[in-house]
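A.B. asks: Need coordinates for the below:
(chains A and B)
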2 protein chains.
Amino acid sequence: MNILIVFAHPEPRSLNGTLKNAAVGFLEAAGHQVIVSDLYQQQWKSQADGGDFLQYNNSQRLIVAQAAKEAYHQQQQSPDITAEQEKVLWADLVIYQFPLWWFSMPAILKGWFDRVYTNGFGYGTGQRYGGGKLAGKKGMLLITTGGDVNTFTNRGIHGNIHDLLFPIHHGIMWYTGMAALPPFLVHSANHISETDVNKSIEELKERLSTLDTTATIPYYSVPNGDYDEKSLLNENLHLPKASLAIHTQL
Amino acid sequence: MNILIVFAHPEPRSLNGTLKNAAVGFLEAAGHQVIVSDLYQQQWKSQADGGDFLQYNNSQRLIVAQAAKEAYHQQQQSPDITAEQEKVLWADLVIYQFPLWWFSMPAILKGWFDRVYTNGFGYGTGQRYGGGKLAGKKGMLLITTGGDVNTFTNRGIHGNIHDLLFPIHHGIMWYTGMAALPPFLVHSANHISETDVNKSIEELKERLSTLDTTATIPYYSVPNGDYDEKSLLNENLHLPKASLAIHTQL
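C.D. replies: Numbers count the residues shown, from 1 in each chain, chains lettered A, B, ... in the order given. The predicted structure follows:
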């Protein structure tokens, strides 16, 4: 399949760089087509602003969603944005790889979503949460963290990693139609041994060899009619689950 | 009190700009000292990289946490980082104001946290989650969203806004010692009427007039001994609550 890796780490000699190189090598050897968007290497512009829209005249008030929609439909986007949108459309699977900084992605990757998933492309397409322009594609997070695995559980001090990643899995991937594969996590990244790096690479290869058969997170779906006209989960699906878990069929 | 507003919107003529100006005017009239870090106006650098550390030599592998710690303790940080750290230390309350983009903050603000809350300042201080260099200070999110208020409830399609903001309230504010006031939210920002803007401004002034008396989110605390030596919530505090809610005393 066609696989895009969006890579957000400033140092190619890092653990993230090692994992990324291993992933590319393994995927290509398995017959996949792979493109890497190395955001630091590309000197990706992080902040969304009026400069993203070639038609925008800064004597007027900038309304981002409106300017983005016009630019998208009139081919007036900054060329770096269009190039990334084309890579996403080409891909069957997008792997987002980054170190977990402050319980989210580095700014340069947040800016990739802010600038690439624009009105008309990422949202404002008439469908969302299972529908949308990217429906049928899959996404997967590949994340290193500085904490022990147990600190990312319900009782762990940081909270459950799946809750922490809900805004990305549900609010970004699933919103745009992309089904989220379970994240691949490498914990305690700041003091990992060479043995454990090699173990992680083997586990990563195992995950990458089962991309077709691994179940995606079964979020409820707008195209399936799971939400009502007010965008509330249908009453008959209001199972006795708490909080974020309510949005999955598990 | 001393109040820092970290403002992340590209357009001063926006709803966010209007709310910020109203907040500054009201707070100053009430006798507070106010400083605004207007990140777009300051042309804040979003991406954390080796350029943040004056001592860093790029012939060596960049280990961000390590380079940041050395730079912090040896006064080798990029001056823009130090300037923001000094504002945070000066402040009794920090208001983080932004439009909710992809269920989180704009990249330019994420880059403010990535670059300013460095090892030695935001973490790696020997204490966290209630302790840390910013203990005793308060933080508050001031957020505009594009969705209806009901879509940010448990059954609402986006999920409960308090769950979506947990990584910021708990993982950034509380981690560094800052107690989180309830967020001030303005929904349906893309098609808000002038009447509703004025109503939001009045509600914001009301919130800003009760900063001292409004309760902060009562997360469990490391200095209070709520977590054990493995950073797991103590067994006797393991109440029958699900998921993220386990970390609050509510």
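
A.B. asks: Show me where chain A has its strands.
C.D. replies: Per DSSP state E, chain A carries strands over the ranges A:2-7, A:33-38, A:93-99, A:138-144, A:179-180, A:184-186.

A.B. asks: I'd like those as JSON lines, with distance to chain B and mean neighbour count appended.
C.D. replies: C-betas here are computed from N, CA, C, even on glycine. As requested, those are exported to JSON lines (distance: least, C-beta to the nearest C-beta, whole Å; neighbours: other C-beta atoms under 10 Å in any protein chain shown):
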{"stretch": "strand A:2-7", "distance to chain B": "13", "mean neighbour count": "22"}
{"stretch": "strand A:33-38", "distance to chain B": "13", "mean neighbour count": "17"}
{"stretch": "strand A:93-99", "distance to chain B": "8", "mean neighbour count": "23"}
{"stretch": "strand A:138-144", "distance to chain B": "11", "mean neighbour count": "23"}
{"stretch": "strand A:179-180", "distance to chain B": "14", "mean neighbour count": "22"}
{"stretch": "strand A:184-186", "distance to chain B": "15", "mean neighbour count": "20"}
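
A.B. asks: can you redo those as JSON lines with mean pLDDT?
C.D. replies: Shown next, in JSON lines, are the strands of chain A (pLDDT from 0 to 100):
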{"stretch": "strand A:2-7", "mean pLDDT": "98"}
{"stretch": "strand A:33-38", "mean pLDDT": "98"}
{"stretch": "strand A:93-99", "mean pLDDT": "98"}
{"stretch": "strand A:138-144", "mean pLDDT": "98"}
{"stretch": "strand A:179-180", "mean pLDDT": "96"}
{"stretch": "strand A:184-186", "mean pLDDT": "98"}
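
A.B. asks: my guess is residue A:169 meets residue A:138, correct?
C.D. replies: No - assessed by C-beta atoms under 8 Å, residue A:169 is found out of contact with residue A:138, at 11.6 Å.

A.B. asks: Is chain B within reach of the helix or strand of chain A with the lowest mean pLDDT?
C.D. replies: The helix or strand of chain A with the lowest confidence, counting by mean pLDDT, DSSP states H and E, is helix A:161-164 at a mean of 93. Yes - Helix A:161-164 lies within reach of chain B by C-beta under 8 Å from any C-beta of the partner chain, at A:163, A:164.

A.B. asks: Pull the distance from that helix to the chain's centre.
C.D. replies: 14 Å (C-alpha atoms, centre = their mean, to the nearest Å).

A.B. asks: Now do that helix: everything it contacts.
C.D. replies: A:103, A:145, A:152-153, A:158, A:169, A:183, A:185, A:244, B:163, B:166-167, B:171, B:243-244 (C-beta atoms under 8 Å, 6 or more residues apart in numbering or on different chains).

A.B. asks: Check stretch A:44-59 too.
C.D. replies: If you take C-beta under 8 Å, 6+ apart as the criterion, stretch A:44-59 is touched by A:37, A:62, A:64, A:67-68, A:70-71, A:74, A:76-78, A:80-81, A:107-108, A:110-112, A:114-115, B:10-11, B:40, B:44, B:46-47, B:101, B:106-108, B:111.

A.B. asks: For chain A, list the residue farthest from the centre, please.
C.D. replies: residue A:59 (34.5 Å; C-alpha atoms, centre = their mean).

A.B. asks: Please tell me how far it sits from chain B.
C.D. replies: Going from residue A:59 to chain B by C-beta to the nearest C-beta, to the nearest Å gives 11 Å.

A.B. asks: Now do the phi/psi pair for that residue.
C.D. replies: For residue A:59, the backbone dihedrals are phi -80, psi -10 (criterion: degrees, to the nearest 10).

A.B. asks: Same check on residue A:13?
C.D. replies: phi -90, psi 10.

A.B. asks: end to end, how far does stretch A:118-133 reach?
C.D. replies: 11 Å (C-alpha to C-alpha, to the nearest Å).

A.B. asks: To clarify, my last question referred to stretch A:62-78.
C.D. replies: Using C-alpha to C-alpha, one end of stretch A:62-78 lies 16 Å from the other.

A.B. asks: Stretch A:50-59 now?
C.D. replies: Length of stretch A:50-59, first residue to last, C-alpha to C-alpha: 11 Å.

A.B. asks: Appreciated, that's everything.
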